[in-house]
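S.K.: Structure of the sequence below:
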Amino acid sequence: MLAVFILLALAGVLLLDFLYARSWPGALSLSVDFSKDHIYEGESCELKESVENRKKLPVNMLEIGFRLPPGLRLPGAENTALSDYLYKRDVFAIAGMERIVRRYRVEGIRRGHYRADQFAVSAPSLLLRSIRLDEELERMVNSRSPEVYVYARRVPVGRVLQRIEALSGSKLSQRRLYEDPFAFSSIREYAAGDPMRAVNWKATARMGSLMVNTFTSVMSSKTGIYLDVTSDGSFEDLKNRELMIAVAASLVRHLMGLNGCDFFRINAPRTGESDISQKVKGQNLSDKTADEADSVKQTAADGTNGSVTEFTSPHGSSDLTKIEHLLCSDLGMPQDVRRAMRSEKREALKKALLEDGREDPELVRVIVSADTSERMREIIKETAAPGVKSILVTVSDRAETAREMTQGNLSVLPYRIRV
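M.R.: Take a look at the predicted model:
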């Protein structure tokens, strides 16, 4: 009789264990989201982890794990393991009809486009057997993996803007390059890079969001920004290149906010869009209508021309977002450590400089490059054209080489590494 009772009890426990294993994933939802779609390098956002149990059956212990890429950091977070990636694991005890939300601060320590992925959800059964979440449900969780862009960090570029203004000449225009603080124009919404001293606090209180004052001033002739991302792959060179990417990004943000950027060129292909540019490249526009030809030209301008990605007359938040997203890509690394690739990138930059100088003799071109050798200055001199003025923004880690130099229509602005 005792043996029968024991067998029945064991069968009951196994049945309960089986039913629990089948029931606990039901009506259970998991979400992991970033509080922002983008942050700037060195800034932070919030990572929200939410688990909801919409049934009466409790889940005594639920283990959730996921992976974060190395460009993100969770300062002070517990239950993390760091290797090439950051692995995070959390344990929840959820009662029936309960929702639990946990928030963590995430820092962006390197520019890039990052996703939280490899979600794994498991819970022990009544007999402490580890049970994975249903595969279909787990695939659904992974398909909604949250993402965040870490934009190149913001650095001061006032000295470069002043030099652009000095070389451009002065004439009154609706397009402002460097604002006159004594000539008020209008009020607009705050944009990344706007100085806090420009905030109009009365308008901010009235509108419920940050508003800034704008001012009329003088502008220059056509201004173009070129970013040279050639690198030999060494640690020092990569560090310098990251600084120059940040300088170029800060210049674009500021000039686009003032409608003063006529084009932006970078000697790197746009990630994932080379197939589009190949379709546009080489098309016979003479067989097309005027509208079709304009459409092809616009696509080519916004696509990739050989090894140079071009943004012509960028304006508005959508174009700025495209540029920011491009600058979050690897920009040809590590492929460009090959000598042939470096040579191709320099030739692509040289060709773009030469063509732009021919098309617009009143151009002010700003070349941002980590290349401190005489080679870059020779390229600029070889592509010089009458009336075209050039500003080379490069790196410097020594005070004696941080002096501004002007040779003819070329100005060299060494940018200090510690900013």
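S.K.: tally of neighbours for Trp414?
M.R.: Actually, residue 414 is Pro rather than Trp. 19 (other CB atoms under 10 Å). Bear in mind the C-beta positions are built from the backbone N, C-alpha and C, glycine included.
S.K.: Quickly list what it is bridged to.
M.R.: Counting by DSSP bridges, Pro414 is bridged to Thr394.
S.K.: what's the pLDDT at it?
M.R.: Pro414 is assigned a pLDDT of 77 by the prediction.
S.K.: now do Glu165
M.R.: Predicted confidence (pLDDT) for Glu165: 79.
S.K.: Over to Ile109?
M.R.: With respect to pLDDT, Ile109 scores 93.
S.K.: Please identify the nearest residue in space to it, excluding sequence neighbours.
M.R.: Of all residues not flanking Ile109 in the chain, Arg73 sits nearest, at 5.2 Å (CB to CB, 6 or more residues apart in numbering).
S.K.: That neighbour is in contact with Arg105, isn't it?
M.R.: No. With contact defined as CB atoms under 8 Å, Arg73 does not reach Arg105; the gap is 9.3 Å.
S.K.: Please say which of the two ends up with more neighbours.
M.R.: Between Arg73 and Arg105, Arg73 has the larger neighbour count (other CB under 10 Å), namely 18 against 14.
S.K.: what sits opposite that one in the beta ladder?
M.R.: Applying DSSP bridges to Arg73 gives these bridge partners: Glu107.
S.K.: With Glu98 instead?
M.R.: Assigned bridge partners for Glu98, using DSSP bridges, are Asn53.
S.K.: give me the number of residues near it?
M.R.: By other CB under 10 Å, 14 other residues sit near Glu98.
S.K.: ok, now how distant is it from Gly26?
M.R.: 15 Å (CB to CB, to the nearest Å).
S.K.: try Asp37
M.R.: 32 Å.
S.K.: now swap in Val393 and tell me
M.R.: Per CB to CB, Val393 is found 60 Å from Gly26.
S.K.: So the two - more neighbours on which side?
M.R.: Val393 (25 against 12).
S.K.: I'd like to know how far the more buried one sits from Asn240.
M.R.: Val393 is 12 Å from Asn240, by CB to CB.
S.K.: what do you get for Ala384?
M.R.: Counting by CB to CB, the separation of Ala384 from Asn240 is 25 Å.
S.K.: When these two are compared, which one has more neighbours?
M.R.: Counted by other CB under 10 Å, Ala384 and Asn240 do not tie: Asn240 has more neighbours, with 22 against 16.
S.K.: Would you mind measuring from the spatially closest residue to the more buried one that is not a sequence neighbour to Tyr104?
M.R.: Using CB to CB, 6+ apart and skipping residues adjacent in sequence, the residue nearest Asn240 is Ala370, 3.8 Å away. Distance, Ala370 to Tyr104, by CB to CB: 34 Å.
S.K.: out of those two, which sits in the busier spot?
M.R.: The residue with more neighbours, out of Ala370 and Tyr104, is Ala370; 26 against 20, by other CB under 10 Å.
S.K.: so that one makes contact with Met376?
M.R.: No. Using CB under 8 Å as the test, Ala370 is too far from Met376 to be in contact (9.2 Å).
S.K.: got the CA positions of the host helix or strand of Arg206 in CSV?
M.R.: Applying DSSP states H and E as the criterion places Arg206 in helix 201-207. Only the C-alpha atoms of helix 201-207 are listed here, as CSV (Å, rounded to 0.1, in the frame of the first residue of the first chain):
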residue,chain,number,x,y,z
TRP,A,201,14.1,80.5,-21.7
LYS,A,202,10.9,82.4,-21.9
ALA,A,203,10.0,80.8,-25.2
THR,A,204,11.1,77.4,-23.8
ALA,A,205,8.7,77.8,-20.9
ARG,A,206,5.9,78.8,-23.3
MET,A,207,6.4,76.0,-25.8
